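fold the following, please.
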Amino acid sequence: MKNLKIKQIWAALTAALTSFLLTTPVFAAGKDPFSSVTSGAEQAQGQFSTLGFAIAVTMLIVAGIGLMLSQKMREWAKGHIIYVIIGVVVIVLASQAVPFIKDMFGG
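A predicted model of the protein is given here:
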């Protein structure tokens, strides 16, 4: 009796997992899962780079306005401009590192 219940649970779990794998875009229609993951990573990389540059431009504008205001705001802006430039360098290096690592592993 107990073995029958375990077999039923196992069959239901296997059916649910099979259904999930067949309907997931990565595994559906016999597609290569690596190509799906690669295309998703490339899309995300482009979107994150665009978002990062938009934030950097906005922060540079805010810091530029800060340079035109009081002495306290100038000091704040000077410090933030350096961090924005460092952030842009990190974004550029990261966007170049992802394809490099992908190519390194034969992607």
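
strands of this protein, start to end?
For the chain, no strands are identified by DSSP state E.

which secondary element of it has the worst mean pLDDT?
In the chain, no helix or strand scores lower on mean pLDDT, DSSP states H and E than helix 2-23, which sits at a mean of 76.

mind checking how far it is from the chain centre?
33 Å (Cα atoms, centre = their mean, to the nearest Å).

same question for stretch 81-91.
Worked out by Cα atoms, centre = their mean, stretch 81-91 lies 18 Å from the chain centre.

pull out the buried residues from that stretch.
81, 84, 88, 91 (16 or more other Cβ atoms under 10 Å). (C-beta placed from N, C-alpha, C; glycine too.)

for residue 75, give me its contacts.
For residue 75, the contact set (Cβ atoms under 8 Å, 6 or more residues apart in numbering) is empty.

per-residue pLDDT of it, please?
pLDDT, residue 75: 88.

repeat that for residue 37.
Reported pLDDT for residue 37: 67.

distance of the one residue sitting closest to the centre of the chain relative to residue 98?
Central residue of the chain (Cα atoms, centre = their mean): residue 44, 5.0 Å from the mean position. Distance, residue 44 to residue 98, using Cβ to Cβ, to the nearest Å: 9 Å.

on that earlier part again, now, which of the buried residues of stretch 81-91 sits nearest residue 61?
Closest approach between the buried residues of stretch 81-91 and residue 61, by Cβ to Cβ: residue 84, at 10.2 Å.

now do the contacts for that closest one.
Contacts of residue 84 by Cβ under 8 Å, 6+ apart are 56, 59, 60, 63.
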